[in-house]
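In: Kindly generate the corresponding structure for this input.
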Amino acid sequence: MPASAPRIAVVIPCYKVTAAIEAVLAGIGPWAWAIYCVDDACPEGSAAVIERVAASDPRIRLIRRPTNGGVGAATMTGYRAAIDEGADILVKLDGDGQMDPRLVPGLVQPIANGSADYVKGNRFFSAKTVARMPFVRLVGNVGLSFLTKLSTGYWDLFDPTNGFTALEARVARELPFDRVHPRFFFETDLLFRLGLLRARVVEVPAMAVYADEKSNLSVSHTLLTFPGLHLRNLAKRLAYNYVLRNFSIASVNLALGVPLLLFGVAFGSVHWWQSIETGVPATAGTVMLAGLPVLTGLQLLLSWLSHDMASTPREPLHPRLSLVQVLRADD
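Out: Down below sits the predicted model:
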């Protein structure tokens, strides 16, 4: 990070935010070096509001996408523009007013002092904040948070689905921009890809403002699509971290634990059903042949899980990237 104050770029994906975007822009303080509003083919004319505000604030850049690509595609478009213009830290704010811009200086502090590569807001630090969260969102966030921990490997994050984030620009350069999920799975997919880079991710307290805004995210769509996407990322993470890049006792635990557990459950289920149909109790040997693989498999998987939790990245990546990028420039 430069010795002078970091250049903080705010990226705002804009889609159906006409009612709130002006207030969001007005709340962004002088700490922002530039503001990138990405109009994701908004049908409500958000761009017109942004242009009017931009007339009095030279920091605002309006980027128009020709077609709607989703919140992920819009955010990555803003990231590209900010990086190309020399930003040091990329802050993502939603345009619906749920995120308080006054919290941004605290959000970027771990990056500015060199202790993190990516910072996320955590809405669960305060009981008052949790109490204000709609019940459906609360339940959904808890479930999605567990799946996100499993698929990304960031077990120490308590609110991993939160979209109030700050990203170090040099780390952002290492991301495969064209492969990050373009829609609402974006936040989780970005975490997964940062995990493959071994980036350091931390959380800071944040507060969300819930009013009468309507979310563009469909609950049914989330239930149908997110589990499969999490499973895909989990499979990739396990292959990269426990086979291709490293092979350890944890790899052995995982390779033995999964088939043992599945065999024990399948074998036991079949014989349990046969016992119900015939009325003949299973023999002690059959019970042992089902129970022992289950217990052994669980023990091996718990051992792997302990190793996986302890492997969460603890050191920031971007100080090392400075040397790598210098070497690249000399090639």
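In: Look at His307 and tell me its secondary structure.
Out: Classification of His307 using DSSP: H, G, I helix; E, B strand; the rest coil returns helix.
In: start at 420 instead
Out: In the new numbering, first residue 420, that becomes His726.
In: now the protein, which segments are flagged as low pLDDT?
Out: 420-422, 545-551, 553-556, 559, 627-639, 741-750 (pLDDT under 70).
In: so which helix or strand takes in the residue minimising distance to the centre of it?
Out: With distances taken as Cα atoms, centre = their mean, Thr607 lies nearest the centre of the chain, 3.0 Å away. According to DSSP states H and E, Thr607 maps onto helix 605-616.
In: List the buried residues of that helix.
Out: Buried residues in helix 605-616, counted by 16 or more other Cβ atoms under 10 Å: Phe605, Glu606, Thr607, Asp608, Leu609, Leu610, Phe611, Arg612, Leu613, Gly614, Leu615. No exception for glycine: its C-beta is placed from N, CA and C like everyone else's.
In: can you check stretch 444-453 too?
Out: Neighbour-count burial for stretch 444-453, with 16+ other Cβ under 10 Å as criterion, is recorded at Leu444, Ile447, Ala451, Trp452, Ala453.
In: who are the neighbours in contact with the second one?
Out: Read it as Ile447. Applying Cβ atoms under 8 Å, 6 or more residues apart in numbering, we find Ile447 in contact with Val429, Ile454, Leu512, Pro520, Val523.
In: could you dump those residues to TSV with distance to Ile482 and neighbour count?
Out: Formatted as TSV, those follow (distance: Cβ to Cβ, whole Å; neighbours: other Cβ atoms under 10 Å):
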residue	distance to Ile482	neighbour count
Val429	13	27
Ile454	11	26
Leu512	15	27
Pro520	19	21
Val523	20	24
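In: Just the ones of the residues you listed in strands?
Out: Applying DSSP state E to those, the entries found in strands are Val429, Ile454.
In: The contacts of Ile447: which two are farthest apart?
Out: Ile454 and Val523 (11.3 Å; Cβ to Cβ).
In: list the residues that contact both of these two?
Out: With contacts defined as Cβ under 8 Å, 6+ apart, the residues shared by Ile454 and Val523 are Val429, Ile447.
In: What's the local residue count around Trp574?
Out: A count of neighbours around Trp574, defined by other Cβ atoms under 10 Å, yields 17.
In: which SSE is Val457 in?
Out: strand 451-458.
In: Pop out the phi and psi values for the residue lying closest to Ser730 once chain neighbours are set aside.
Out: Spatially, and ignoring its direct neighbours in sequence, Ser730 is nearest to Gly572 (7.0 Å; Cβ to Cβ, 6 or more residues apart in numbering). Phi and psi for Gly572, reported as degrees, to the nearest 10, are phi 90, psi 0.
In: can I assume Gly572 is in contact with Asp727?
Out: Yes - using Cβ atoms under 8 Å, Gly572 makes contact with Asp727 at a distance of 6.4 Å.
In: ok, the two, which is more surrounded?
Out: Set Gly572 next to Asp727 and count neighbours by other Cβ under 10 Å: Gly572 wins out with 25 against 21.
In: Could you chop this structure up by domain?
Out: Per the record, the chain has its domains at 427-660, 666-733, by automatic domain parsing.
In: what's the distance between the nearest residue to Val436 once chain neighbours are set aside and Thr715?
Out: Of all residues not flanking Val436 in the chain, Gly514 sits nearest, at 3.4 Å (Cβ to Cβ, 6+ apart). Going from Gly514 to Thr715 by Cβ to Cβ, to the nearest Å gives 52 Å.
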